[in-house]
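> Using only what follows, build the 3D model:
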Amino acid sequence: MGQIRAGHVQVTNGAQRVRHVWEGRFLSVSSGPFVDGETVTWAGGGSGTAVRYDGGAKILFYVHTAGPDPAVGDTLTGGTSGASADVASQGDDDPPQFDVLLPAGQTKLFVVDGTAQSYEVSETFGSDFFDLTANYAEDSDDEAPYGVHTQFSQFMGLPFMEFGDADAPSLIRRIVQIVEASITASLTVQERQTSGTDGGGLTDATWNVRGAWTIEGANRIAGASVASSTITLPKGRYRVRASASYGSVDSNRLRLRDITNSATLVDGVQGAVGTLGGGVVPLEGEFDLAAEADVQLQHICKVTDATAGRGEAISNGQEVYAQVTLRRIY
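So this is what the prediction gives:
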């Protein structure tokens, strides 16, 4: 199933919280009727707000705002009207169990039928509510039909579209946004020295950290940053292409290391020309980050070269001894 749809929700312009609309079905109502917008209370400190009362069917539509979930047998009392009624039954989707159905740690898109925009769902959700990552910018609606999209493609994170999905145009726009972002979301950094300055030393049997980095061009990965030899990346899937020069260090290779979680993300191939001479060693691959992490390009070698282990100066303009290009796939 591509979307979770359970009745209706209350959405408020300028707010992040989305609340499920409950149905209280009564056999009779005392001192009624209930009044739209009034506070409704029940046993155990439960409370909510009346959305709409259908007097003919004896159904109160309301949102739960505090205390325990309402249950069959609870007496609902209106704070303004004084109306009182025992809940004989509830709506088929009460409660919607968002805390069970919404997958933690995955992208979740919220759409309201007929609106032009989709919103990402945050990691804050309960049995009958969830929060968006940004304020809702459409018109407020106390009974909005909706969908929460939870299925995405394995490779680019594109939402699957199925028959009956809420507001397909907004999902199409989301697909276009993801594709555009994957094309332009990139960051390139270089390890530089002034003209005539060697790259510095590499120590044998040690994962030497390459950098400090200078951003080449513009940082086009939202949420990414560079500090000295460390690159901070937001969660997502990435492709990396890196290379680094070396001096008289014999066998050597690179790795991209997640220092936040002590995990190697990509291993490079080995380069060697003996103890004399030098060259360039490459690294290329893809990796996933489940959450924001700090990463470093690290270089190991077999023989120490204390002065030009990172490469020897050409003395003809800017010296560049290493480069990393990261592209966020999604």
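
> how near is the nearest residue to residue 136 once chain neighbours are set aside to residue 143?
Leaving aside its sequence neighbours, residue 136 sits nearest to residue 11 (C-beta to C-beta, 6 or more residues apart in numbering; 5.1 Å). Just so you know, the C-beta spots here come from the backbone N, C-alpha and C atoms, and that holds for glycine as well. As judged by C-beta to C-beta, to the nearest Å, residue 11 and residue 143 stand 10 Å apart.

> Ok, residue 52 next?
Taking C-beta to C-beta, one finds residue 52 at 7 Å from residue 143.

> which neighbours do these two share?
residue 61 (C-beta atoms under 8 Å, 6 or more residues apart in numbering).

> Could you point out the helix or strand that follows the host helix or strand of residue 231?
Under the criterion of DSSP states H and E, residue 231 resides in strand 230-233. Per DSSP H and E, strand 230-233 leads on to strand 236-246 as the next helix or strand towards the C-terminus.

> strands paired with that next one, and their directions?
If you go by DSSP bridges, strand 236-246 pairs up with strand 279-289 (antiparallel), strand 319-328 (antiparallel).

> which of the ones you listed is buried the deepest?
strand 319-328 (a mean of 22; mean count of other C-beta atoms under 10 Å).

> Could you report the separation of the residue most central in space within the chain from residue 139?
Central residue of the chain (C-alpha atoms, centre = their mean): residue 107, 5.9 Å from the mean position. Separation of residue 107 from residue 139 (C-beta to C-beta): 25 Å.

> follow-up on the earlier one: so what sits opposite the residue nearest to residue 136 in the bridge?
With DSSP bridges as the rule, residue 11 is bridged to residue 141.

> Leaving out chain neighbours, which residue sits closest to residue 32?
Going by C-beta to C-beta, 6+ apart, residue 32 has residue 83 as its nearest residue, at 3.8 Å.

> what about the one you found, how many neighbours?
22 (other C-beta atoms under 10 Å).

> my read: it touches residue 28, true?
No: contact criterion C-beta atoms under 8 Å: residue 83 and residue 28 do not qualify, at 10.8 Å.

> Could you pull up the residues touching residue 302?
Contact analysis of residue 302 by C-beta under 8 Å, 6+ apart lists 204-205, 249-252, 272.

> Out of the residues you listed, grab the one that's most surrounded.
Ranked by neighbour count (other C-beta under 10 Å), the contacts of residue 302 have residue 249 at the top, with 30 neighbours.

> So it, which state does it fall into?
coil (DSSP: H, G, I helix; E, B strand; the rest coil).

> Contacts only, for it.
By C-beta under 8 Å, 6+ apart, the neighbours of residue 249 are 202, 204, 275, 278, 301-305, 309.

> Put together a markdown table for those residues, with secondary structure and distance to residue 238 on each row.
Shown next, in a markdown table, are these (DSSP: H, G, I helix; E, B strand; the rest coil; distance: C-beta to C-beta, whole Å):
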| residue | secondary structure | distance to residue 238 |
| --- | --- | --- |
| 202 | strand | 26 |
| 204 | coil | 30 |
| 275 | coil | 35 |
| 278 | coil | 29 |
| 301 | strand | 26 |
| 302 | coil | 29 |
| 303 | coil | 32 |
| 304 | coil | 32 |
| 305 | strand | 31 |
| 309 | coil | 28 |
